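Peer 1: I need the structure of the sequence given here:
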Amino acid sequence: NLKKAILACCLVMLLTACGSNGSSNDSSSGTTTTTASATEKSKQVIGSVDAVKKVTTTTTTAETTVTEPEVPKLTDDEINALSSKEIGYGQGRNLDDKNKPVGGIAFQTEYGKYDAYAMLDTEKEIYLTFDQGYENGYTAIILDTLKEKNAKAVFFLTGDYAKRNPELVQRMIDEGHILGNHGAKHKSLPLLSITDAETEIMTNHQYVLDNFGYEMKYFRPPCGTYSEKSLAITQRCGYKSFLWSFAYADWDPNNQPNEEEAYKRITEAAHDGEIMLLHSVSKTNSDILGRVIDNLQEKGYTLTTPSI
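Peer 2: The predicted structure is shown next:
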């Protein structure tokens, strides 16, 4: 059952995050069955990683194209020499004098060389992101609110979500939001070989490119797990890993946070360059989003999309 798998993933990650003074989790899901035909197709996908990145596609008006210097690609041997220890990300509860989580700062300091981000170095900007594991009837409401408030967001899609909800995905593109990659089958990359990890990333990449003419470049690690090796693989695929500097337990439809408590927690956590993780399956999030945006905008923040 898809929803049970999602909740199980969230529970495991919650325990991991709490053990490291973290406070967040991820709730998307997918199947993990591999077939011989899928394996053969995976080889084709991986062989086209470089070709895919050269394709010219239509970008959204919310995204600024930045020309960056070519980063030397690590070889398989160099990647295999990196640590493959699976780590459950949690931004932590300790804050610095700018209201930024010290755990997120530490993560970025250590792994920034792999284009991995927990927050961005900007002023008065907040990056609202939603993880799209499955549709629970609230994404259209969220899109309506974003349009009304003139705010933009990044929607991280699993392969299953992209296939099942083409109308919503196209609406995200049409209304100037950014699509992010959340894995073809929501597999924890640190548990995969280089070949299988690249397949997890690029199969979803290729599907979205083929069906929506959109080339994704931000990747959110499924289950919020990573290793130095998986971050390096993600970078070699042409992606930037997008973690978060704020998240809370919003992913269980049957155990939703109190609206006033959620509103207070979200708005009081605001900080420059914040990457805010919310889940679109949450009724609480859909109900309070307009008020949250109003509060943040009144404080001088712009809810926009990244241009890194």
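Peer 1: now residue 225: closest residue in space, sequence neighbours ignored.
Peer 2: In this structure, residue 225 finds its nearest non-sequential neighbour in residue 188, 4.6 Å apart by C-beta to C-beta, 6 or more residues apart in numbering. C-beta coordinates here come from the backbone N, C-alpha and C atoms, glycine included.
Peer 1: any idea how far the one you found is from residue 124?
Peer 2: 35 Å (C-beta to C-beta, to the nearest Å).
Peer 1: give me the residue ranges of the stretch 1-150 of the chain where confidence is low.
Peer 2: In the predicted model of the stretch 1-150 of the chain, residues 1-71 satisfy pLDDT under 70.
Peer 1: do that again at 80, thanks
Peer 2: Counting by pLDDT under 80, the stretch 1-150 of the chain shows low-confidence ranges at 1-72.
Peer 1: so where do the helices sit in it?
Peer 2: In order along the chain, the stretch 1-150 of the chain carries the following helices (DSSP state H, counting those that start in this stretch): 2-19, 36-47, 49-54, 76-80, 102-111, 139-149.
Peer 1: so which residue is dead centre in the chain?
Peer 2: Centrality entry for the chain: nearest residue to the mean C-alpha point is residue 220, 3.1 Å, by C-alpha atoms, centre = their mean.
Peer 1: number of nearby residues for residue 246?
Peer 2: Under the neighbour criterion other C-beta atoms under 10 Å, residue 246 is assigned a count of 26.
Peer 1: surely it and residue 273 touch.
Peer 2: No. Checked against C-beta atoms under 8 Å, the pair residue 246 and residue 273 is beyond contact range at 11.0 Å.
Peer 1: alpha carbons of the longest strand seen in the chain, as PDB, please.
Peer 2: Of all the segments assigned as strand in the chain under DSSP state E, the longest by residue count is strand 125-132. Listed next in PDB are the C-alpha coordinates belonging to strand 125-132 (Å, rounded to 0.1, in the frame of the first residue of the first chain):
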ATOM      1  CA  GLU A 125      14.100  35.500   0.200                       C
ATOM      2  CA  ILE A 126      12.400  32.200   1.200                       C
ATOM      3  CA  TYR A 127      12.200  29.200  -1.100                       C
ATOM      4  CA  LEU A 128       8.900  27.300  -0.600                       C
ATOM      5  CA  THR A 129       9.100  23.700  -1.600                       C
ATOM      6  CA  PHE A 130       6.600  20.800  -1.700                       C
ATOM      7  CA  ASP A 131       7.300  17.100  -1.800                       C
ATOM      8  CA  GLN A 132       4.800  15.400  -4.100                       C
END
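Peer 1: okay, angle between that strand and helix 139-149 too, please.
Peer 2: Counting by axes from the mean of the first three to the mean of the last three C-alpha atoms, to 10 degrees, strand 125-132 lies at 160 degrees to helix 139-149.
Peer 1: out of residue 188 and residue 124, which sits in the busier spot?
Peer 2: Between residue 188 and residue 124, counted using other C-beta under 10 Å, residue 188 has the larger neighbour count: 24 against 13.
Peer 1: strand partners (parallel or antiparallel) of the longest strand of the chain?
Peer 2: Each strand pairing with strand 125-132, determined using DSSP bridges, is listed with its direction: strand 153-157 (parallel), strand 274-279 (parallel), strand 302-303 (parallel).
Peer 1: dump those strands into a markdown table; add distance to residue 81 and mean pLDDT as well.
Peer 2: Converted to a markdown table, the strands paired with strand 125-132 look like this (distance: least, C-beta to C-beta, whole Å; pLDDT from 0 to 100):
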| stretch | distance to residue 81 | mean pLDDT |
| --- | --- | --- |
| strand 153-157 | 29 | 98 |
| strand 274-279 | 29 | 98 |
| strand 302-303 | 40 | 98 |
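Peer 1: who wins for proximity to residue 236 among these?
Peer 2: For those, proximity to residue 236 was assessed by C-beta to C-beta; strand 153-157 is nearest, at 19.6 Å.
Peer 1: now the strands for the stretch 51-200 of the chain?
Peer 2: Listed in chain order, the strands found in the stretch 51-200 of the chain under DSSP state E, counting those that start in this stretch are 87-88, 116-117, 125-132, 153-157, 178-181.
Peer 1: using TSV, please lay out those strands together with distance to residue 252 and mean neighbour count.
Peer 2: Below are these laid out as TSV (distance: least, C-beta to C-beta, whole Å; neighbours: other C-beta atoms under 10 Å):
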stretch	distance to residue 252	mean neighbour count
strand 87-88	18	22
strand 116-117	27	24
strand 125-132	13	25
strand 153-157	18	26
strand 178-181	22	25
